[in-house]
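Q: Just the structure for this:
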Amino acid sequence: MSLTSAFDALWQSNVDLHDRFGVRRTIPKAVRLVSEEYREVVDEANAPDVNTQALAHEMADLLMTLFGLAIAAGLTRDDIESAFGIVIDKNNAKIPGVTHALNPHTGKITRLVVKSEPEPSPIESFKQGWKEAMAGDVHPIETLWDELEIDEP
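A: Okay, here's the model as predicted:
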């Protein structure tokens, strides 16, 4: 079975299963099921002797519950297929050392920051900060890092 036909069959199987049992799809229920299935994938992947067949089955179960979440959220099969295309295009556009880099601490591929204008010198930064402080343009210390994006390990 091709991946496309498997995708179609899995989506339809989800619809049919829920209809057959009269399940009312809700986002909170679907999120709980996704969480449970994710945990089963992690447990199988972390087993001392990974059974690849069992892992593949757990991964398919996770996809099934993710499709259930999509349906509960009002998404269609076409919405998900379109999102797959966008993610594929984004991944294909990532260039090591140019647009993205591998974070050695997390193993995650992260976007490189592109600076559009040169950074001010330390003296210029101090002068600007002093000017703002003297003008009363200050913020509580608790908010200092609020807008900083940090990849957590």
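
Q: From here on, just use CA atoms for contacts and neighbour counts.
A: Noted.

Q: What separation is there between the residue most central in space within the chain and Val114?
A: The centre of the chain sits closest to Val87, judged by C-alpha atoms, centre = their mean, with a distance of 10.4 Å. To Val114, Val87 is 21 Å away according to C-alpha to C-alpha, to the nearest Å.

Q: With Ser35 instead?
A: 35 Å.

Q: Show me which of the two is the more surrounded one.
A: For the pair Ser35 and Val114, the greater number of neighbours falls to Ser35 (15 against 8), based on other C-alpha atoms under 10 Å.

Q: host element of the more buried one?
A: Using DSSP states H and E, Ser35 sits within helix 27-45.

Q: Would you mark the buried spots in that helix?
A: Of all the residues in helix 27-45, those buried under the rule 16 or more other C-alpha atoms under 10 Å are Ala30, Val31, Leu33, Val34, Glu37, Tyr38, Glu40, Val41, Glu44, Ala45.

Q: With stretch 114-131 instead?
A: Applying 16+ other C-alpha under 10 Å to stretch 114-131 flags no residue as buried.

Q: same thing with stretch 69-87?
A: Neighbour counts over stretch 69-87 (16+ other C-alpha under 10 Å) mark Leu69, Ala70, Ile71, Ala72, Arg77 as buried.

Q: So in this structure, which helix runs the longest?
A: helix 52-72 (DSSP state H).

Q: in that helix, what counts as buried?
A: 55, 58-59, 61-72.

Q: Out of these, flag the one nearest to Leu102.
A: Met59 (24.9 Å; C-alpha to C-alpha).

Q: residues contacting the nearest residue to that closest one once chain neighbours are set aside?
A: Nearest residue to Met59, sequence neighbours excluded (C-alpha to C-alpha, 6 or more residues apart in numbering): Val41, at 6.0 Å. Val41 sits next to Leu55, Glu58, Met59, Leu62 when contact means C-alpha atoms under 8 Å, 6 or more residues apart in numbering.
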